[in-house]
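Student: fold the following and give me the result.
(chains A, B, C and D)
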Number of protein chains: 2
Amino acid sequence: MVGVVGRMVGIKDVARQAGVSVGTVSNVINRPEMVAETTRDRVQAVIERLGYVRQESARQLRAGRSRIIALLVLDMANPFFVEVARGAERAAREAGLGVMVCNSAQSLEEEADYLGLFAEHRVRGVLVTPADVTGTNLEGFRRHDIPFVFVDREVPSGDACSVSVDDVEGGTLAGRHLIAQGHRSVVYVSGPMQLPQCQDRRAGLLAAFAEEGLPAEAMVHIEAERLDVASGRDAGARLLGISPRPTAVFCANDLLALGVLQALFAAGVSVPGEVALVGYDDIEFAAAAAVPLTSVRQPAFRMGRAAAELLIEETGEGADGHQHRRIVLQPELVVRDSTFAPRPAG
Amino acid sequence: MVGVVGRMVGIKDVARQAGVSVGTVSNVINRPEMVAETTRDRVQAVIERLGYVRQESARQLRAGRSRIIALLVLDMANPFFVEVARGAERAAREAGLGVMVCNSAQSLEEEADYLGLFAEHRVRGVLVTPADVTGTNLEGFRRHDIPFVFVDREVPSGDACSVSVDDVEGGTLAGRHLIAQGHRSVVYVSGPMQLPQCQDRRAGLLAAFAEEGLPAEAMVHIEAERLDVASGRDAGARLLGISPRPTAVFCANDLLALGVLQALFAAGVSVPGEVALVGYDDIEFAAAAAVPLTSVRQPAFRMGRAAAELLIEETGEGADGHQHRRIVLQPELVVRDSTFAPRPAG
DNA sequence: GCACACAAATGAAATGTTTCAAGACGGATT
DNA sequence: AATCCGTCTTGAAACATTTCATTTGTGTGC
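Tutor: Here you go, the predicted model:
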C-alpha cells in the first residue's frame, strides 16, 4: 500500500533519496549510458523502492508532442479493421509508441469529434480511413500540423501518404475466376456506391468481363445500404427474386457475402452447387463459414503496419525532407468451397 | 497553413491578442459562466482566429491524472470484446472521457506492459479482463493507486468492482434447452479449463443434468486449446470420431461453435437434423451463420457500459466513501435454427 | 463622499519532466 | 605546479495549463 497516503512520488523524491540531482535521475531513465555505474545502480534501487513511475504528461509537455498515434477506422465490428489495427499496433510498439484506436462508425460527427480529441492530445499522427468522402473534416485538421496517413483509401493529391489495396485488380481477380468457372453473368452486391471501394471493385469486375468479351450487361448490380451482414441478407433475398436465378455472386465484402450465404441457405439454394459466391477481405469468418468462402484477400495486417511505418518515418528524427508516398498493395484470390465446381450457366 | 512555421499557439498568445490575462482565457474555456459576455465573445473570436487547441498534456500535468480510461481485453479478434469496448466507450464519452482499448492477447507479458503504460499515463482507471489468473500483474499494479474494475470476471475478495455474467446460469440455460429437446447426452466443447468461464459453464450444464435426473456421465467433455474457430474445427473433428455419434453439442463460445459447425457441415452431418448445436456469447456472426446458431447471449455492451460506469463512479467527485460493488448480469438463451426440431436420441 | 458588496479580471504559483550550458573532479601531460 | 581533457554531475530554464488569493472596477445605500 505504498503511496496510498500522500502525493505521487516524483523524480524529485527519487533524487533526494538517492542523493543526486534531478537531472541525473532523468539521465538514469533516459540515457543510462552516460551515468556512472555506481550512481546508476543506486538510483535504480531507489526507483524500485519508491515505486516511481514516470509521468507521461509532464514528459509530453516538455516534448511538445505525445508518443501516441491515432487510428480512426470506419467500423470496429468489421474484423478487417481489427486486423488493420493489429498491424498498426505492431509497428507502433516496435517504435515505442502507443496506438489509440477509435471508431468513427462512418459518422462525420464522430470523426470530427475524434479529430478534435487527437489535436488536443497532440498525437504523433493519425492513420485514418475517412468517413468524410469530401474531406472537409480533414481539411480543418490540417491546421494542426498533425500528419496523417490514409488507410485503405487512395489520395489523389500528393499531400499525404496513403496505403491502399488495388481494388480494381481485386474485382478483376474475382471476375476472372467466376468466368473461368463457366459463369456468363455475375451479380455484384455492393455497399453504397459513394465508397471508392465499391466503385473500384465494380470497375475491376467489368474489366474482367471486357477481357473475356462479355458485355457490361452481364453484370447485375444490387446496391446494399451498408456493408454488413444484415444488408447482405436483404441483398440475398432480392437476389433470389431475380429470374432466371443468377449462378454467380460477387460481394463487395465478406460481411455482405455471409449475409447472402445465409439467405441462400435458408432458401435451400446450394452453394456452390447452384450459386457460386465470392466475398472480399478474407476475414477469418469467411474461412469459418459453413461453406468456406472464396474471397479476395486484402493484406489488412500489412496495411496497418505499413501505414504506421510511413507515419513513423514522416515524424521521425531525420524527417526533414519527407516525401509523401503512396503504397498500393496487391490483393490475392483465395479459392475455397463456395466457388468450387459450379454448374456452368447457359 | 496556419502555424506551419513558428511554434504552437498557446493560451498566452490568445490572451495577448485578446487583451486579457491567461487566467481569463482559461476561464472562458473551462467556466464560461464566470466571464462577462463581451469578454467571452472577444476571447472566443481570437481562439477561432488563431486556431487555438488546448494542450491536454499540460492540463493533465496540473490535474495529476488523465481523462482516459483504459480497457484491456483478452482478444480483440473476438467480436464479444469489441462489443464490450463499444459499451465502455459509450459510457466514457458521456462522462467526457476517452477510452484506450488494448489487447493483451492473453499474454501475461503484454498485460504487464500495458499496465505499465497505463501507470505512466496516469489513466483514470482500468477495465480489465485479466489474462493473469493468479493476479500477480494486478497485484503489482495496485501500488499505483489506479482503480480497476474487472470485466467478465468475478473477483472473490472485495477489493475491486466487477461486472460479470452468471456463467453457471448460462450453462444451465443451454443444458435445459437441449434436454427439453429430448437429448440425453451432451458434448461440452470448452476452451482451456483454467478459465473460470469454462468451468462455470460446465458446472451450469451439469446442474441442468442434475435437475433432470441425468448422470454427470451424460456429459462428454472436449477441451479445445483456445477459444477460437480453428480450435472449434479441431474439436468438431474429434467429436465426429465419437461413437455413437453425439446428438447435442454445447460450446463454451460462439467461435468454437462456428468451428464445430464447419466441421460438421464438411462431413455432411446435418445441423440441426442430426446434431443440435448451442454456442455462447451470441456474437453477430452466430446469427449470421449459414445455420443461425442457438446461443447464450451475454449482454456484452451492457457489461462494458456498466464497468465504465462503476469506474466513473469510483473516481468521480463525491467518491470519498466508495464501496466496491459486484454486478452480475443475467444471460439469456437465444434459440435459433441450430437446435430446432432435433431428432431425440436414445 | 464613504463604505460596502459584488462581479470580473489578474498574475503568480504549482504541476513533473527534459535538456543543456556550466561546473566539479581526477588523472594524465607538459 | 599548471594545464588540459574527459567523465560525471548539477541546477535552472522551459513546457502550457489551472487555480486561487488579490486587485480592480462599478454601482448602491447611507
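Student: show me where the stretch 101-250 of chain A has strands.
Tutor: For the stretch 101-250 of chain A, the strands defined by DSSP state E, counting those that start in this stretch occupy A:125-128, A:148-151, A:161-165, A:186-190, A:219-223, A:248-251.
Student: okay, these in a markdown table with mean neighbour count and distance to residue B:333 next?
Tutor: No exception for glycine: its C-beta is placed from N, CA and C like everyone else's. Formatted as a markdown table, these follow (neighbours: other C-beta atoms under 10 Å in any protein chain shown; distance: least, C-beta to C-beta, whole Å):
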| stretch | mean neighbour count | distance to residue B:333 |
| --- | --- | --- |
| strand A:125-128 | 27 | 40 |
| strand A:148-151 | 26 | 40 |
| strand A:161-165 | 25 | 41 |
| strand A:186-190 | 25 | 33 |
| strand A:219-223 | 16 | 35 |
| strand A:248-251 | 30 | 31 |
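Student: tell me which of those strands sits nearest to DNA strand D.
Tutor: Each of these has some distance to DNA strand D by C-beta to the nearest atom of the strand; the shortest is strand A:125-128, at 18.5 Å.
Student: which strands and helices lie in contact with that closest one?
Tutor: Packed against strand A:125-128 by the contact rule (3 or more C-beta pairs under 8 Å, 6 or more residues apart in numbering or on different chains; DSSP states H and E) you find strand A:68-73, strand A:148-151, helix A:300-315.
Student: what average pLDDT does that strand get?
Tutor: Strand A:125-128 carries an average pLDDT of 95.
Student: pull up the pairing partners for that strand, direction included.
Tutor: Sheet pairing of strand A:125-128 (DSSP bridges) gives strand A:68-73 (parallel), strand A:148-151 (parallel).
Student: distance to DNA strand D and mean pLDDT added to the ones you listed, as CSV?
Tutor: Formatted as CSV, these follow (distance: least, C-beta to the nearest atom of the strand, whole Å; pLDDT from 0 to 100):
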stretch, distance to DNA strand D, mean pLDDT
strand A:68-73, 17, 95
strand A:148-151, 21, 93
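Student: relative to residue B:311, which of those is closest?
Tutor: Nearest to residue B:311, of all those, is strand A:68-73, at 20.9 Å by C-beta to C-beta.
Student: can you name the next helix or strand after that closest one?
Tutor: Next helix or strand after strand A:68-73 toward the C-terminus (DSSP states H and E): helix A:79-94.
Student: how far does that following helix sit from its chain's centre?
Tutor: Centroid separation for helix A:79-94 versus its chain: 8 Å, with C-alpha atoms, centre = their mean, to the nearest Å.
Student: pull the residues that contact it.
Tutor: With C-beta atoms under 8 Å, 6 or more residues apart in numbering or on different chains as the test, helix A:79-94 has contacts from A:69, A:71, A:73-76, A:98-99, A:101, A:127, A:129, A:151-152, A:253-254, A:281, A:283-285, A:298, A:300-309, A:312, B:76-77, B:79, B:82, B:103.
Student: let me see the contact set for the closest residue to residue A:76 other than its chain neighbours.
Tutor: Of all residues beyond its chain neighbours, the one nearest residue A:76 is residue A:103 (4.2 Å), with distances taken as C-beta to C-beta, 6 or more residues apart in numbering or on different chains. Contact analysis of residue A:103 by C-beta under 8 Å, 6+ apart lists A:72-76, A:110, B:86, B:89.
Student: derive a PyMOL selection command for the buried subset of these.
Tutor: Buried residues among the contacts of residue A:103 (16 or more other C-beta atoms under 10 Å in any protein chain shown), as a PyMOL selection:
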select buried, (chain A and resi 72+73+74+75+76+110) or (chain B and resi 86+89)
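Student: enumerate the residues of the stretch 1-150 of chain A near chain B.
Tutor: Counting by C-beta under 8 Å from any C-beta of the partner chain, the residues of the stretch 1-150 of chain A lying close to chain B are A:1-4, A:8, A:51, A:53-58, A:60-61, A:64, A:66, A:76-77, A:79, A:82, A:85-86, A:89, A:98, A:100-101, A:103, A:116-117, A:119-122, A:142-145.
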